[in-house]
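*Asks:* Below is the structure, and that's it, no one-letter string:
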């Protein structure tokens, strides 16, 4: 597992925690699972899914009653990320402020991460 002992892999802004808690309570879900997958014009995309059962391999982050689970394969890519929730006239959406992202496409849906070897060295050191 990557990261610093005792430090959460991700944090949530108060607005993100409130929105995640609303989503959990609306349908009785245990939380949201956050991951990454290949896709998009920059190479990778974030994923968010409702969770009804906690996978023992997920990293669980709880804040103000909100709970997110980080899929095992995504933990190294998401370490240090702040999840925010922004509302504007045109959209309301979760935003990821991720220090591991080196490039993003114009639509904001697709991202590119540092090389895996580079990320591993930073997380361990």
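*Replies:* Right, received. Where do you want to start? In this text, all values refer to a predicted model and were calculated from it rather than measured experimentally.
*Asks:* Verify the contact between residue 36 and residue 70 for me.
*Replies:* No. Counting by C-beta atoms under 8 Å, residue 36 stays clear of residue 70, with 9.8 Å between them. Glycine gets a C-beta too; all of them are placed from N, C-alpha and C.
*Asks:* Overlap of the contact sets of these two?
*Replies:* Listed as contacting both residue 36 and residue 70 by C-beta atoms under 8 Å, 6 or more residues apart in numbering are residue 78.
*Asks:* For this structure, which segments count as helices?
*Replies:* With DSSP state H as the criterion, the chain has helices at 14-27, 75-78, 116-124.
*Asks:* Pull out the buried residues from the longest one.
*Replies:* The neighbour-count check on helix 14-27 (16 or more other C-beta atoms under 10 Å) flags 15-17, 19-21, 24 as buried.
*Asks:* Show the contacting residues for residue 54.
*Replies:* Applying C-beta under 8 Å, 6+ apart, the residues contacting residue 54 are 30-31, 60, 69.
*Asks:* Likewise for residue 84?
*Replies:* 12-13, 15-16, 94-97 are the contacts of residue 84 under C-beta under 8 Å, 6+ apart.
*Asks:* Residue 78 and residue 88: what is the separation?
*Replies:* Going from residue 78 to residue 88 by C-beta to C-beta, to the nearest Å gives 24 Å.
*Asks:* Which of the two has more residues huddled nearby?
*Replies:* Neighbour count, other C-beta atoms under 10 Å: between residue 78 and residue 88, residue 78 has more, with 25 against 7.
*Asks:* Am I right that that one is in contact with residue 9?
*Replies:* Yes. If you go by C-beta under 8 Å, residue 78 and residue 9 touch, sitting 5.9 Å apart.
*Asks:* overlap in contacts of these two?
*Replies:* residue 70.
*Asks:* pLDDT weak spots in this structure?
*Replies:* Counting by pLDDT under 70, the ranges of the chain that qualify are 1-7, 40-42, 103-125.
*Asks:* hmm, what's the outermost residue in it?
*Replies:* Taking C-alpha atoms, centre = their mean, the residue of the chain most remote from its mean C-alpha position is residue 89, at 24.1 Å.
*Asks:* all strands of the protein, in order?
*Replies:* Here the chain has its strands, by DSSP state E, at 10-12, 31-38, 44-51, 59-63, 66-70, 81-87, 92-97, 101-104, 110-113.
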